[in-house]
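Colleague: Sequence first, predicted model second:
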Amino acid sequence: MKKVAVAGYGSTKFTKKELSIESLLMESTKELFDTTPNLTQNLIDGVIVSTNDNSKYLAAILSELTGIKPKISHTVEHLCSSGTSAAISAFSYITSGLADIVLVAGADIIGNPGQVLQ
């Protein structure tokens, strides 16, 4: 089996400011590129966004905003296990050979009730 590792990370501070989900994703992704030597947008094969936000197409939007052209791009919304599900998806893409490098980004904003059933 192919070995998989976390090669870098970016983060944002918790805040009560009203920021867009896209700006939070951009901030942490920018930090990732700023602090991870030799990682460039063209090396990333997949983008997965983990969130409980009601926004649609966040992985595609993050890819577009950051200049990444991934083969794989999707958003994971699975309530409290969204982050775990996103990490498992990235692991699976890498071990299967579908991707070599996958960006997993997660963000939620304060006061968002998430995907509430109506």
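Modeller: Happy to help now that I have it. Numbers count the residues shown, from 1 in each chain.
Colleague: And the residue most central in space within the chain, how close does it get to Ala87?
Modeller: Against the mean C-alpha coordinate of the chain, by Cα atoms, centre = their mean, the closest residue is Ala105 at 2.0 Å. Applying Cβ to Cβ, to the nearest Å, the value for Ala105 to Ala87 is 11 Å. For every residue, glycine as well, the C-beta is placed using N, CA and C.
Colleague: what does Ser28 give?
Modeller: 15 Å.
Colleague: mind listing what the residue nearest to the centre of the chain touches?
Modeller: 25, 28-29, 47-50, 59, 62 (Cβ atoms under 8 Å, 6 or more residues apart in numbering).
Colleague: swap the cut-off to 6 Å and go again
Modeller: 25, 29, 49 (Cβ atoms under 6 Å, 6 or more residues apart in numbering).
Colleague: What are the phi and psi values at it?
Modeller: Backbone torsions for Ala105, taken as degrees, to the nearest 10, come to phi -120, psi 140.
Colleague: Need the pLDDT of it.
Modeller: Per-residue pLDDT puts Ala105 at 96.
Colleague: which residues does it form a beta bridge with?
Modeller: Val49 (DSSP bridges).
Colleague: Asp34 versus that one, what's the distance?
Modeller: 15 Å.
Colleague: so where is the protein shaky, pLDDT-wise?
Modeller: Applying pLDDT under 70 to the chain picks out residues 112-118.
Colleague: now the strands for it?
Modeller: Under the criterion DSSP state E, strands of the chain are mapped to 46-50, 72-76, 102-106.
Colleague: Not counting the first one itself, show me its contacts.
Modeller: With contacts defined as Cβ under 6 Å, 6+ apart, strand 46-50 is touched by 58-59, 62-63, 68, 70, 72-73, 75-76, 82-83, 86, 89-90, 93, 99, 102-106.
Colleague: Any of those residues buried? List them.
Modeller: 58-59, 62-63, 68, 70, 72-73, 75-76, 82-83, 86, 89-90, 93, 99, 102-106 (16 or more other Cβ atoms under 10 Å).
Colleague: Reformat the strands of the chain as CSV; add distance to Ser20.
Modeller: Shown next, in CSV, are the strands of the chain (distance: least, Cβ to Cβ, whole Å):
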stretch, distance to Ser20
strand 46-50, 13
strand 72-76, 15
strand 102-106, 14
